[in-house]
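> sequence plus predicted model, see below.
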Amino acid sequence: TQLLEQSPQFLSIQEGENLTVYCNSSSVFSSLQWYRQEPGEGPVLLVTVVTGGEVKKLKRLTFQFGDARKDSSLHITAAQPGDTGLYLCAGPRSNDYKLSFGAGTTVTVRA
Amino acid sequence: EAGVVQSPRYKIIEKKQPVAFWCNPISGHNTLYWYRQNLGQGPELLIRYENEEAVDDSQLPKDRFSAERLKGVDSTLKIQPAELGDSAVYLCASSFGLGGSTSEAFFGQGTRLTVV
(Lines give C-alpha, C1' and ligand atoms only; values in the text may rest on other atoms or scores of the structure.)
Protein backbone atom coordinates (compact mmCIF):
# COMPACT_ATOMS: atom_id res chain seq x y z
CA THR A 1 0.00 0.00 0.00
CA GLN A 2 1.36 3.37 -1.06
CA LEU A 3 1.73 5.85 1.79
CA LEU A 4 1.01 8.71 -0.60
CA GLU A 5 -1.73 8.16 -3.16
CA GLN A 6 -1.59 10.26 -6.30
CA SER A 7 -4.41 10.76 -8.76
CA PRO A 8 -4.99 10.57 -11.58
CA GLN A 9 -2.28 8.16 -12.69
CA PHE A 10 -2.28 9.57 -16.23
CA LEU A 11 -3.46 12.89 -17.62
CA SER A 12 -3.41 14.00 -21.26
CA ILE A 13 -4.59 17.48 -22.14
CA GLN A 14 -4.37 20.03 -24.93
CA GLU A 15 -2.04 23.02 -24.69
CA GLY A 16 -3.79 25.93 -22.96
CA GLU A 17 -6.02 23.78 -20.75
CA ASN A 18 -5.81 23.63 -16.96
CA LEU A 19 -5.09 20.56 -14.87
CA THR A 20 -5.00 19.48 -11.24
CA VAL A 21 -3.21 16.51 -9.70
CA TYR A 22 -3.80 15.27 -6.19
CA CYS A 23 -1.72 13.72 -3.44
CA ASN A 24 -3.50 12.12 -0.48
CA SER A 25 -2.52 10.20 2.62
CA SER A 26 -3.96 8.98 5.90
CA SER A 27 -0.75 10.08 7.61
CA VAL A 28 0.25 13.55 8.73
CA PHE A 29 3.34 14.98 7.08
CA SER A 30 5.84 17.50 8.38
CA SER A 31 5.97 18.92 4.86
CA LEU A 32 5.26 17.86 1.32
CA GLN A 33 7.38 18.34 -1.75
CA TRP A 34 6.43 18.27 -5.39
CA TYR A 35 8.90 17.10 -8.00
CA ARG A 36 8.81 16.89 -11.79
CA GLN A 37 10.74 14.20 -13.57
CA GLU A 38 11.48 14.05 -17.28
CA PRO A 39 12.46 10.83 -19.07
CA GLY A 40 16.04 9.81 -18.38
CA GLU A 41 16.50 12.37 -15.62
CA GLY A 42 16.20 12.44 -11.86
CA PRO A 43 13.29 14.20 -10.13
CA VAL A 44 13.67 17.97 -9.83
CA LEU A 45 12.24 19.73 -6.80
CA LEU A 46 9.51 22.25 -7.64
CA VAL A 47 8.30 23.38 -4.22
CA THR A 48 8.01 22.48 -0.54
CA VAL A 49 4.87 23.26 1.46
CA VAL A 50 5.15 23.24 5.23
CA THR A 51 2.18 24.91 6.89
CA GLY A 52 -1.34 23.45 6.86
CA GLY A 53 -3.51 25.45 4.46
CA GLU A 54 -0.48 26.94 2.74
CA VAL A 55 -0.74 27.99 -0.91
CA LYS A 56 2.36 28.60 -3.01
CA LYS A 57 2.50 29.88 -6.55
CA LEU A 58 5.30 29.29 -9.02
CA LYS A 59 4.40 31.09 -12.25
CA ARG A 60 1.54 29.00 -13.69
CA LEU A 61 1.78 26.34 -10.97
CA THR A 62 -0.23 26.59 -7.74
CA PHE A 63 0.48 24.24 -4.85
CA GLN A 64 -1.81 23.76 -1.87
CA PHE A 65 -1.22 21.90 1.40
CA GLY A 66 -4.31 20.63 3.21
CA ASP A 67 -5.25 22.07 6.58
CA ALA A 68 -4.59 18.73 8.28
CA ARG A 69 -1.27 18.27 6.43
CA LYS A 70 -2.45 14.97 4.95
CA ASP A 71 -3.03 16.03 1.36
CA SER A 72 -1.82 18.39 -1.33
CA SER A 73 -2.71 19.46 -4.83
CA LEU A 74 -0.90 20.89 -7.82
CA HIS A 75 -2.80 23.05 -10.29
CA ILE A 76 -1.34 24.11 -13.63
CA THR A 77 -2.96 26.97 -15.51
CA ALA A 78 -2.72 27.20 -19.31
CA ALA A 79 -0.54 24.11 -19.61
CA GLN A 80 2.30 24.07 -22.13
CA PRO A 81 4.10 21.14 -23.80
CA GLY A 82 7.08 21.89 -21.55
CA ASP A 83 4.95 20.92 -18.55
CA THR A 84 4.96 17.33 -19.75
CA GLY A 85 6.50 14.95 -17.24
CA LEU A 86 5.99 12.72 -14.22
CA TYR A 87 4.79 14.72 -11.22
CA LEU A 88 5.70 13.22 -7.88
CA CYS A 89 4.70 14.22 -4.39
CA ALA A 90 6.88 13.24 -1.46
CA GLY A 91 7.17 13.94 2.22
CA PRO A 92 8.68 12.96 5.55
CA ARG A 93 6.05 11.75 7.99
CA SER A 94 5.73 13.61 11.26
CA ASN A 95 6.71 10.54 13.30
CA ASP A 96 9.85 9.78 11.33
CA TYR A 97 11.85 11.48 8.61
CA LYS A 98 11.59 8.82 5.94
CA LEU A 99 11.06 10.62 2.65
CA SER A 100 8.32 8.64 0.89
CA PHE A 101 7.11 9.16 -2.66
CA GLY A 102 3.78 8.71 -4.35
CA ALA A 103 3.56 6.66 -7.54
CA GLY A 104 3.30 9.84 -9.60
CA THR A 105 1.01 11.36 -12.21
CA THR A 106 2.18 11.24 -15.82
CA VAL A 107 1.12 14.47 -17.51
CA THR A 108 1.18 14.87 -21.28
CA VAL A 109 0.43 18.27 -22.80
CA ARG A 110 -0.28 18.07 -26.53
CA ALA A 111 0.64 20.99 -28.77
CA GLU B 1 27.66 24.45 -7.69
CA ALA B 2 27.71 20.85 -8.88
CA GLY B 3 24.64 18.75 -8.24
CA VAL B 4 24.48 15.12 -7.24
CA VAL B 5 26.71 13.11 -9.55
CA GLN B 6 26.08 9.47 -10.31
CA SER B 7 27.95 6.98 -12.45
CA PRO B 8 27.61 5.12 -14.63
CA ARG B 9 24.51 6.46 -16.41
CA TYR B 10 23.75 3.10 -17.97
CA LYS B 11 24.75 -0.45 -17.18
CA ILE B 12 23.83 -3.71 -18.88
CA ILE B 13 24.86 -6.95 -17.19
CA GLU B 14 23.99 -10.59 -17.31
CA LYS B 15 22.07 -12.09 -14.41
CA LYS B 16 24.16 -13.44 -11.55
CA GLN B 17 26.89 -10.86 -12.24
CA PRO B 18 27.84 -8.16 -9.70
CA VAL B 19 27.30 -4.46 -10.32
CA ALA B 20 28.17 -1.28 -8.44
CA PHE B 21 26.87 2.27 -8.59
CA TRP B 22 28.63 5.37 -7.33
CA CYS B 23 27.24 8.63 -5.99
CA ASN B 24 28.85 11.95 -5.07
CA PRO B 25 26.35 14.11 -3.17
CA ILE B 26 26.14 17.88 -3.06
CA SER B 27 28.94 19.30 -0.94
CA GLY B 28 27.85 19.82 2.66
CA HIS B 29 24.80 17.56 2.47
CA ASN B 30 24.82 15.22 5.44
CA THR B 31 21.99 12.96 4.34
CA LEU B 32 22.26 10.63 1.37
CA TYR B 33 19.54 8.41 -0.08
CA TRP B 34 19.51 5.54 -2.52
CA TYR B 35 16.21 4.95 -4.30
CA ARG B 36 15.07 2.43 -6.88
CA GLN B 37 12.54 3.49 -9.51
CA ASN B 38 10.66 1.24 -11.86
CA LEU B 39 9.24 2.62 -15.09
CA GLY B 40 6.29 4.96 -14.52
CA GLN B 41 6.49 4.59 -10.73
CA GLY B 42 7.70 6.74 -7.89
CA PRO B 43 11.10 6.17 -6.30
CA GLU B 44 11.25 3.61 -3.47
CA LEU B 45 13.75 4.13 -0.69
CA LEU B 46 16.46 1.51 -0.35
CA ILE B 47 18.70 3.12 2.25
CA ARG B 48 19.24 6.45 3.96
CA TYR B 49 22.52 7.66 5.48
CA GLU B 50 23.09 10.42 7.95
CA ASN B 51 26.79 11.12 7.59
CA GLU B 52 28.37 7.65 7.50
CA GLU B 53 25.62 5.92 9.47
CA ALA B 54 22.85 3.97 7.73
CA VAL B 55 19.79 5.13 9.70
CA ASP B 56 17.15 3.41 7.57
CA ASP B 57 17.95 0.28 5.55
CA SER B 58 14.73 -1.57 6.26
CA GLN B 59 13.87 -1.87 2.56
CA LEU B 60 17.31 -2.90 1.36
CA PRO B 61 17.34 -6.57 0.23
CA LYS B 62 20.34 -7.45 2.33
CA ASP B 63 20.87 -10.88 0.83
CA ARG B 64 22.16 -9.32 -2.38
CA PHE B 65 22.36 -5.57 -1.89
CA SER B 66 24.99 -3.70 0.10
CA ALA B 67 25.90 -0.06 0.46
CA GLU B 68 28.56 2.00 2.10
CA ARG B 69 29.30 5.65 2.68
CA LEU B 70 32.87 5.91 3.81
CA LYS B 71 33.87 9.21 5.43
CA GLY B 72 30.28 10.38 5.12
CA VAL B 73 30.63 11.74 1.58
CA ASP B 74 30.61 9.48 -1.49
CA SER B 75 28.55 6.32 -1.50
CA THR B 76 28.45 3.06 -3.43
CA LEU B 77 25.55 0.66 -3.87
CA LYS B 78 26.33 -2.91 -4.88
CA ILE B 79 24.23 -5.80 -6.08
CA GLN B 80 25.68 -9.29 -6.04
CA PRO B 81 24.41 -11.35 -7.72
CA ALA B 82 22.02 -9.38 -9.90
CA GLU B 83 18.62 -10.80 -10.85
CA LEU B 84 16.35 -9.96 -13.77
CA GLY B 85 13.96 -8.16 -11.40
CA ASP B 86 16.69 -5.73 -10.39
CA SER B 87 16.36 -3.93 -13.71
CA ALA B 88 15.38 -0.36 -12.78
CA VAL B 89 16.76 3.14 -12.41
CA TYR B 90 18.84 3.61 -9.26
CA LEU B 91 18.69 7.17 -7.98
CA CYS B 92 20.93 8.84 -5.47
CA ALA B 93 19.78 11.95 -3.63
CA SER B 94 21.16 14.17 -0.91
CA SER B 95 19.75 16.72 1.49
CA PHE B 96 21.12 19.21 3.98
CA GLY B 97 20.75 18.55 7.68
CA LEU B 98 20.03 15.48 9.73
CA GLY B 99 16.54 14.05 10.15
CA GLY B 100 15.10 17.36 9.09
CA SER B 101 11.38 17.90 8.89
CA THR B 102 11.68 19.44 5.44
CA SER B 103 14.16 16.95 3.97
CA GLU B 104 14.29 18.55 0.53
CA ALA B 105 16.14 16.06 -1.57
CA PHE B 106 18.20 16.79 -4.66
CA PHE B 107 18.60 13.97 -7.11
CA GLY B 108 21.24 12.77 -9.50
CA GLN B 109 20.39 11.66 -13.03
CA GLY B 110 20.30 8.03 -11.98
CA THR B 111 21.84 4.82 -13.25
CA ARG B 112 19.66 2.77 -15.54
CA LEU B 113 20.41 -0.91 -14.89
CA THR B 114 19.35 -3.61 -17.32
CA VAL B 115 19.85 -7.22 -16.28
CA VAL B 116 19.64 -9.70 -19.16
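Everything's here; your move.
> quickly list what B:Ile47 is bridged to.
Taking DSSP bridges, one obtains B:Trp34 as the residues bridged to B:Ile47.
> just the pLDDT at it, thanks.
Looking at B:Ile47, its pLDDT reads 94.
> I'd guessed it sits against B:Arg36; true?
No - using C-beta atoms under 8 Å, B:Ile47 makes no contact with B:Arg36, being 10.2 Å away. The way it works is simple: take the backbone N, C-alpha and C, and place the C-beta from them, glycine included.
> shaky segments in the chain?
I went with chain A, as the question did not name one. Across chain A, the ranges flagged by pLDDT under 70 are A:1-2, A:93-97.
> to clarify, I was referring to chain B.
Applying pLDDT under 70 to chain B picks out residues B:1, B:98-103.
> just want the most central residue of it.
The centroid of chain B falls nearest to B:Trp34 when counting by C-alpha atoms, centre = their mean (2.7 Å).
> now do the contacts for it.
B:Cys23, B:Leu45, B:Leu46, B:Ile47, B:Arg48, B:Ala67, B:Ser75, B:Leu77, B:Tyr90, B:Leu91, B:Cys92 (C-beta atoms under 8 Å, 6 or more residues apart in numbering or on different chains).
> in strands only, show me the residues you listed.
Here DSSP state E is the test, and these give B:Cys23, B:Leu45, B:Leu46, B:Ile47, B:Arg48, B:Ala67, B:Ser75, B:Leu77, B:Tyr90, B:Leu91, B:Cys92 as lying in strands.
> perfect, I'm done here.
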